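**Q** What follows is a predicted structure for the sequence shown.
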Amino acid sequence: MEKANSCGEEMIMATKDNESEGGAHPYAFHVSGPRNVSSPNWRQLINSSWKDGNYKRTVIACFIQAVYLLELDRQENRSEQNALAPKWWIPFKYKLTQTLIDERDGSIYGAILEWDRSAALADFILMRPSGAPRAVLSLRGTLLKSPTMRRDIEDDLRFLAWESLKGSVRFNGALEALKSISDRYGSTNVCVAGHSLGAGFALQVGKALAKQGIFVETHLFNPPSVSLAMSLRNLGEKAGFVWKRFKAMLPSSGETQAGSDEGASSACSVGLKKWVPHLYVNNSDYICCYYTDPAGSEGNPAEKENVGPTNMQNAAAKLFVLSKGKQKFLEAHGLEQWWSDDLELQMALNNSKLISKQLKSLYSVPNPQ
């Protein structure tokens, strides 16, 4: 396997280029796909599998895998007859309606998959199962293959330096695509998902729409959590903490800062719970593990006690943590783990320090004019 690049992103599937024994490709759905899911059937009309969080996570992870394979199919000139990608959405009665193409190198970095009513009717499924999205925007991460590696790493470095992807061509394309399907089908009938670098894009386009009052279900697998900007900011916070402790040792001037703390606490909008992204994190993955840091690691203990109840009440994200003990980075950061049969996750409504920073601007009320 190839090593991760300097931003820490990698795609574990990028190096299995050879056909496996027996002629089956290692990324064929029947070889490496999930074993514990089946195609939708009429029973789901009564009790939809899509209402099961494990099923939904598995299928959405498969849709992201399909985007990786769309690009590999393109690079390796596969035809419709031997393409790998379609097998990752066809079993779930979805169809490809749009690919997102980076105009700089022609690579596919995202795709829109929509419920395939015709395929469903062919299996006597008369309506879309409850909980199944009408359309899904899936975004891949870094693919360490020469045709697209340069642009992938360019966006990796963009996030590493600025903790933002808004200057990327791909951000604009993903935002436009998500806005389009949200307008067409309604925000409650679509979702956006991504893995690794793609999860970074999904988070930021989902946040951009949430600022407009459009709340789209968001699933983020191994989202990047490390950047120089964050590291420098943490250093500044530590210096600020030391200064606060030093000032607390000085004679009191009779002034109080309680008002500013209360003002910050009351700056949350009433729509705080309307957009709650789902984050899937492996503790052994140093790219995303910082999302598990507890909230409010800066400041004094009294401040933590004051903000604690507010953070729990207004949880900003659903955080699913996978802990398997010590794992190799490539395994901990891979997408395949999220549809494995023996997956055991711990879930909590979470407002960690990093999540709070990511969503702070979303829930701040503008100053009165």
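**A** Cool, the structure landed.

**Q** Residues in a beta bridge with Thr218, which ones?
**A** Val192 (DSSP bridges).

**Q** Might one say that it is in contact with Val192?
**A** Yes - between Thr218 and Val192 there is a contact at 5.4 Å, judged by C-beta atoms under 8 Å. Any C-beta I mention is one placed from the backbone N, CA and C, and that applies to glycine too.

**Q** and Leu220, that's in a strand?
**A** Yes - remark: Leu220 belongs to a strand, assigned using DSSP: H, G, I helix; E, B strand; the rest coil.

**Q** Can you give me the pLDDT of it?
**A** Leu220 is assigned 97 on the pLDDT scale.

**Q** Now it: closest residue in space, sequence neighbours ignored.
**A** The shortest distance from Leu220 to any non-neighbouring residue, by C-beta to C-beta, 6 or more residues apart in numbering, is to Ala199 (4.0 Å).

**Q** buried ones in the helix or strand that neighbour falls within?
**A** For Ala199, the host element (DSSP states H and E) is helix 197-211. Within helix 197-211, the residues that count as buried by 16 or more other C-beta atoms under 10 Å are 197-210.

**Q** do stretch 61-80 as well
**A** Buried, per 16+ other C-beta under 10 Å, within stretch 61-80: 61-75, 78.

**Q** residue ranges with poor pLDDT in the stretch 101-250 of the chain?
**A** 227-250 (pLDDT under 70).

**Q** what ranges do the strands span in it?
**A** Ranges of strands in the stretch 101-250 of the chain, per DSSP state E, counting those that start in this stretch, are 108-115, 135-139, 190-195, 217-221.

**Q** As PDB, could you dump the C-alpha coordinates of the third one?
**A** Output for strand 190-195, consisting of C-alpha atoms alone and laid out as PDB, is shown next (Å, rounded to 0.1, in the frame of the first residue of the first chain):
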ATOM      1  CA  VAL A 190     -31.400  14.400   0.600                       C
ATOM      2  CA  CYS A 191     -28.100  13.900   2.400                       C
ATOM      3  CA  VAL A 192     -24.400  14.600   1.800                       C
ATOM      4  CA  ALA A 193     -21.600  12.200   2.800                       C
ATOM      5  CA  GLY A 194     -17.800  12.000   2.400                       C
ATOM      6  CA  HIS A 195     -14.700  10.200   3.500                       C
END
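
**Q** Next, the angle helix 197-211 makes with it.
**A** 150 degrees (axes from the mean of the first three to the mean of the last three C-alpha atoms, to 10 degrees).

**Q** No further queries at this time; thank you.
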